[in-house]
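S.K.: I would like to see how this sequence folds:
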Amino acid sequence: MSPNAAPNRAMSPSAAPTGGPAFGGAGLPLVLLHGFMGGPSCWRGMLEAARLEAAAGETVAAPGPEILCPAILGHGEAAAEVRSFEDEVDRLAAVIRSRASGSVHLLGYSMGGRLALGLASRHPALIASLLLIGAHPGLEDPAARRARAALDEARAEALEREGIEAFVRAWERLPLFATQAALAGSGGALEARLRAQRARRLAHDPVALARSLRLLGLGKMPCWLDALASRPPPIRALVGALDERFVALAERLRERLGAQVIALPGAGHNLLLERAEALAPLLLEWIGAPSSRLPAGARR
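M.R.: Numbers count the residues shown, from 1 in each chain. Now for the predicted structure:
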């Protein structure tokens, strides 16, 4: 079931082309927040599967809602004024308000999902609904936050010392991304997405990425569960069924915030890479497109 949302008539509607989804751009805008070492282009596979279009940092006409894919701090966005996780949340809120006059549907992957939860907490009137992919609500234990901040500081120093190529190699060996190893040599769209992901990562400025790690890492974000508990927006949490840690975190979102949880079988953390086509109907259904079937094997 999609969240109830009134149309935002301040955004210009766009007609669906022949054969496209039978809904127009008069619905609420859709904002997409990418993950660490990603970028606006990481949404391309999902948007193409959904027959939607978007441009980096722009609100564009598409056969559906207006779509905004802003760059996050350290990923092509310098934002010298940002000095904390909360500052980046507030900066993104200002970017969204500059493009949309009312509330929006917000979709965030991984780090983008953490920022999305911050936006729902600090700017609740701006958020009509949250669609989260592999998102962490924050560490509740102060000692755990300090330990994670120290780990991210060590990673930032290694990135500055050893350079982007060594950092990307180490990052891709993290257990979180173990399911992606099987995609190399698989051929077709999946392998092409894997190559594009690596090229995107290597193109980043290591100094800017290190700043992002220091300011936006898990150890520097508040835990948003208590702040959102009194009045959470509609939330759908999507996870790969093989991503056991984030399956458990999604269940916490269900228990504490009433989130709907959907696990996609045979997939790990990065559903944008591994299951872009399966994400498309889940997105369209959520934002009010014509009813779509749940992808085969997915469980609620």
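
S.K.: and the strands in the stretch 51-200 of the chain?
M.R.: 59-60, 67-68, 104-109, 127-133 (DSSP state E, counting those that start in this stretch).

S.K.: now those in JSON lines, with mean pLDDT?
M.R.: Listed next are the strands of the stretch 51-200 of the chain as JSON lines, based on pLDDT from 0 to 100:
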{"stretch": "strand 59-60", "mean pLDDT": "38"}
{"stretch": "strand 67-68", "mean pLDDT": "92"}
{"stretch": "strand 104-109", "mean pLDDT": "97"}
{"stretch": "strand 127-133", "mean pLDDT": "97"}
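
S.K.: so which of those strands is nearest Leu32?
M.R.: Checking these against Leu32 by Cβ to Cβ gives strand 104-109 as the closest, at 5.1 Å. No exception for glycine: its C-beta is placed from N, CA and C like everyone else's.

S.K.: and Ser98, how close does it get to Pro29?
M.R.: Using Cβ to Cβ, to the nearest Å, we find Ser98 at a distance of 12 Å from Pro29.

S.K.: more neighbours: which of those two?
M.R.: Between Ser98 and Pro29, counted using other Cβ atoms under 10 Å, the more crowded position is Pro29 (24 against 10).

S.K.: surely the more buried one is in contact with Ser101?
M.R.: No. Counting by Cβ atoms under 8 Å, Ser101 is not a contact partner of Pro29; they are 9.4 Å apart.

S.K.: from Arg155, how far off is His204?
M.R.: 14 Å.

S.K.: what about these two, which has more around it?
M.R.: For His204 versus Arg155, neighbours defined as other Cβ under 10 Å are more numerous around His204 (21 against 18).

S.K.: hang on, that one in a helix?
M.R.: No. Applying DSSP: H, G, I helix; E, B strand; the rest coil, one finds His204 to be coil, outside a helix.

S.K.: my read: it touches Ile164, true?
M.R.: Yes. In this structure His204 lies within contact range of Ile164 using Cβ under 8 Å: 6.4 Å.

S.K.: give me every residue that touches Arg201.
M.R.: Contacts for Arg201 (Cβ atoms under 8 Å, 6 or more residues apart in numbering) come out as Met37, Ile164, Val168, Trp171.

S.K.: most neighbours out of those, which is it?
M.R.: That'd be Met37 among the contacts of Arg201, by other Cβ under 10 Å, with 25 neighbours.

S.K.: out of the strands of the stretch 51-200 of the chain, which is the most enclosed?
M.R.: strand 104-109 (a mean of 28; mean count of other Cβ atoms under 10 Å).
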